[in-house]
Every structure is written in structure tokens, then in C-alpha cells.
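Undergrad: fold the stuff below for me.
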Amino acid sequence: MTEAADAASGIASAVASRIENGIENAQGQDAEVLLAAPRGFCAGVDRAIEIVERALAKFGAPIYVRHEIVHNTYVVNDLKAKGAIFIEELDDVPPGATLIFSAHGVPKAVQREAQQRGFRIFDATCPLVTKVHKEVARLDAQGYQIIMIGHKGHVEVEGTMGQLPEGRMLLVETVEDAEQVMPGHPDRLAYVSQTTLSVDETKDIIAVLNARFPNIKNPHKEDICYATTNRQEAVKQLAAASDVVVVVGSPNSSNSNRLREVAAQHGVDAYMVDNAGYLKKEWFAGKERVGITAGASAPEVLVQEVVDTVHGWGFETVREGEGEEESIVFVLPKELRE
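TA: Numbering: from 1, shown residues only. Just a heads-up that it's a prediction; the model follows:
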């Protein structure tokens, strides 16, 4: 699995330039745009979108999708235009229809109900989320009480906690929660994590849990996915090289929100926009370098629209990062491979 990509050489040189010259004294230099690498779609998002598109091509519209396939307005609207219908309740799916589970995963109860209703089902759950689901089942079978580190109400958290009967797992959102959580079996305890959390903040939570419960079972491999980790590492480097950072992502995208937070925590003005129409020219007044990245569910076309808009405001040079490429590809369901 790809490790967090190092800073692109272009971004690294921008950091050196900033240190040497100082942004405030960079008179006469071209205002420039720095693009993070990696950014945008990950393998799980690519797979989920392709499942919907291939199902539409093979079975025709409408295709029903439980919840937004990924958390991006542009992607969802594009698939709606092609014939996808996004629903939250299975009562809204007619008998005999084709149903796709979103990339975030679904509770066991939803899976069972969908099967009982006889739908043609395709599961677009990200394989890295499925890995966490399997870990939950294995730990539960071994008699562990499980703590879930994640954000209450997020569909991925609901899907993961829904792998077990209600009330079986405990949810921890913050360091304060970790300090106060009272498991019923502290000597037979394990934790799992939402895949799109802040790496740094999650480490703080894990440190508290390990200190309070020395016997707590840690995952064999970190649950936060490679794409989340890579993009957060890249945005740290981007923030160090920029006066302002723009993250392209929809408001309900967890990983996009985390990117904006990480950039802000590294001392730079940071904004998140669904598309270029949300940009405000005053954000860039007096700035020399604009860093741009995108959440794992945001398509590159939206990034380019942001670049074009900022370019029109005087940021003439665009430098593309050269981070390590992500080569992971997840296989499609067998019925949709041809």
C-alpha cells in the first residue's frame, strides 16, 4: 500500500524560496498556484462511481443508490443526470430494482433487509472500509468490546457500528471522550477507526486510550486509509509553501473537511469550496502563493475550474506537485467487469 507521499519537489522549492526571500518581500515575483500531489479521487471513490456507471450501462436507468455514492455534489448530480436515484430508505426502492450501497458502507440490518426484499444488489463499499467491518466481526467473535473512533452521525460510522447489534460498540469522537469513556470490559478491549479522520488528532485519541487501557488491542494496520494519510501529508507541505490554501470538496465530505483543518493548523488561511463559484477574491488579496488541493471525493474538473478562476485573478504561474503516484486499483464486482 502506498505510504504518505513526500512533498513534491516544486512545493519543496517553494518552501525554500519562502524562507530565503520572505513572502512579504517577494515583490516582482509572479504570483503562483501550487497544486498538491496527490489530490482528488482515490481508488475507493473511482470504484464506487464506476460501479454506478456500469450498472446504468448494463441494466439501464433507474439505478437506486442508498445514500450519496460519495460525498460530492458534482458527482452526485452527474450520476442523477445519467439515471441514478439516491435514497435513504429501502421503502423508496421498487421491487426487483437494482440497488447499490454507497462507498461508506451500510449496517448489517440494511444488508439483510435489502436481500430479503430481493433487490439486485451491488456493494460499492470501499474495500478499506470493508476491512474495518471484517475486523469488527472478528474482534467481536473473540469477545472484545470495541471502541469506534469517529464522528457521530457520519454514514461510515453508522455502517461500521451497525456491523454489531445496537449498543455493542462505544463511540469516541475526541480526546475528552477518550478520557471519559467507561467500557464494561476494560481488560478485553479493542478499537477501530473511521477511515477519513485527521491522522494527528486520531493519534492523540489513541494515545489516551493506550494510557488508560494498557491491554487495549490496536489494529494490525492503521484504519485511516492510505488516501486520507497521503492527502493530509501533502497539504501540510502545501501549507508550508503557501499564503492561502483552498481545498476543493463538498461540505459533507469528512476527508475534505480534515484537509482544511490540517492546513489551518499549520498556520495558513484555509478555505473549503464545493466549486469555483464559492471563491472570494478578497481571500487572495496581498497573497503571493495559493495552494490548491482536493478531497478524495472531488473530481479533477473542479480543481481545474478553481485554478482557472485564481489564474484570472493574477496568479499566472501554476506548478504541479510531483508526489509519489497512487497506483492502487480496487476490482469491480464480477457481474460488472465486462
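
Undergrad: contacts, neighbours, all on C-alpha from now
TA: Will do.

Undergrad: CA atoms of stretch 194-202 as CSV?
TA: These are the backbone C-alpha positions of stretch 194-202, laid out as CSV (Å, rounded to 0.1, in the frame of the first residue of the first chain):
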residue,chain,number,x,y,z
GLN,A,194,-13.2,5.8,10.7
THR,A,195,-11.0,5.8,7.6
THR,A,196,-11.2,9.5,6.9
LEU,A,197,-10.1,11.1,10.2
SER,A,198,-7.3,13.5,10.9
VAL,A,199,-4.2,11.4,11.4
ASP,A,200,-2.7,13.7,14.0
GLU,A,201,-5.9,14.1,16.1
THR,A,202,-6.6,10.4,16.0
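
Undergrad: quick one: distance of it to the chain centre.
TA: Put simply, stretch 194-202 sits 10 Å off its chain's centre (CA atoms, centre = their mean, to the nearest Å).

Undergrad: which residues of the protein fall in strands?
TA: 32-35, 63-66, 84-87, 98-101, 120-123, 145-149, 170-172, 189-193, 244-248, 269-273, 289-294, 317-320 (DSSP state E).

Undergrad: in its sheet, what does the shortest one sit against?
TA: Which is strand 170-172. strand 145-149 (parallel) (DSSP bridges).

Undergrad: what's the mean pLDDT across the partner strand?
TA: What strand 145-149 shows for mean pLDDT is 98.

Undergrad: I'd like the strands of the chain as JSON lines, with mean neighbour count appended.
TA: Below are the strands of the chain laid out as JSON lines (neighbours: other CA atoms under 10 Å):
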{"stretch": "strand 32-35", "mean neighbour count": "24"}
{"stretch": "strand 63-66", "mean neighbour count": "24"}
{"stretch": "strand 84-87", "mean neighbour count": "20"}
{"stretch": "strand 98-101", "mean neighbour count": "24"}
{"stretch": "strand 120-123", "mean neighbour count": "17"}
{"stretch": "strand 145-149", "mean neighbour count": "23"}
{"stretch": "strand 170-172", "mean neighbour count": "20"}
{"stretch": "strand 189-193", "mean neighbour count": "24"}
{"stretch": "strand 244-248", "mean neighbour count": "28"}
{"stretch": "strand 269-273", "mean neighbour count": "21"}
{"stretch": "strand 289-294", "mean neighbour count": "28"}
{"stretch": "strand 317-320", "mean neighbour count": "16"}
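
Undergrad: leaving out chain neighbours, which residue sits closest to the residue nearest the centre of the chain?
TA: Centroid-nearest residue in the chain, with CA atoms, centre = their mean: residue 255, separated by 3.3 Å. Leaving aside its chain neighbours, residue 255 sits nearest to residue 196 (5.0 Å; criterion: CA to CA, 6 or more residues apart in numbering).

Undergrad: separation between that neighbour and residue 248?
TA: 16 Å (CA to CA, to the nearest Å).

Undergrad: over to residue 265?
TA: In terms of CA to CA, residue 265 sits 18 Å off from residue 248.

Undergrad: pull the number of nearby residues for residue 68.
TA: Neighbours of residue 68 under the rule other CA atoms under 10 Å: 21.

Undergrad: I'd say it and residue 80 touch.
TA: No: checked against CA atoms under 8 Å, the pair residue 68 and residue 80 is beyond contact range at 10.3 Å.
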